[in-house]
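Chemist: any chance you can model this:
(one chain, ligands or ions: 1)
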Amino acid sequence: MKIGVLAAQGAFIEHEKALQRIGAEVIEVRLSEHLEDLDGLIIPGGESTTIGKVARRWGLIEPIQAFAQTGRPIWGTCAGMILMAKQVMDGAPEQPTLDLMDIAVRRNAFGRQVDSFEADLDVRVLGAEPFHAVFIRAPLIEHVGEDVEALAQLEDGTIVAAQQGHLLTTSFHPELTEDDRFHRYFLELSD
Ligand code: GLN
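Modeler: Modelled structure (predicted):
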């Protein structure tokens, strides 16, 4: 299984390590050629405006959109989720987007007071054991389209993980914990 990680900025190395731990081959994506024989692609967390601008400079926006069209899975974590959303609220001016998934997200939604927090989430597709989620200046999902399934919610009902067919998003950072279940779930989608 060959998984690409967009290596523009942010927490791409942590994703690579998690993927390697579970036996995937990892390619750092910086050129459109790197997408060619991948089974899946991860857009990491970091700074969505920077990641988007670098991806645009590298000429990767259209190739990633074409990659999604082939039905191969893409997973965006945190900033990656912002990049995948069709609608971004409170985005930066000129926030580049991949415009892939039918979700509306609010950037930096939890405000300055609660910049970062952790929560144990029920994620049915991962099994009974709660998933310990790390949120860092996270976006939240304000709205999901008809074809989108909410995979995890905070206690107040805020959606923080969602899936639309082969497209997966989490507003938290599974690559920063030892729990590899989200990475394994993504590999299953890529199978
Ligand atoms: N706040 C960042 C953004 O808007 C996302 C933070 C993250 O990826 N941890 O891009």
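
Chemist: what residues are bridge-paired with the nearest residue to P130 once chain neighbours are set aside?
Modeler: Of all residues beyond its chain neighbours, the one nearest P130 is D120 (4.0 Å), with distances taken as C-beta to C-beta, 6 or more residues apart in numbering. In short, each C-beta sits where N, CA and C put it, glycine included. Going by DSSP bridges, D120 is paired in beta bridges with H132.

Chemist: distance of the nearest residue to W75 once chain neighbours are set aside from the ligand?
Modeler: Nearest non-adjacent residue to W75, counting by C-beta to C-beta, 6+ apart: L168, 4.2 Å away. From L168 over to the ligand the distance is 15 Å, taken as C-beta to the nearest ligand atom, to the nearest Å.

Chemist: residues near L168, how many?
Modeler: 26 (other C-beta atoms under 10 Å).

Chemist: tell me which residues touch it, please.
Modeler: P73, I74, W75, G76, L151, A161, A162, Y185, F186, L189 (C-beta atoms under 8 Å, 6 or more residues apart in numbering).

Chemist: and stretch 89-96, does that touch the ligand?
Modeler: No. Judged by C-beta under 6 Å from any ligand atom, stretch 89-96 makes no contact with the ligand; its nearest approach is 7.7 Å.

Chemist: tell me the mean pLDDT for that stretch?
Modeler: Average pLDDT, stretch 89-96: 89.
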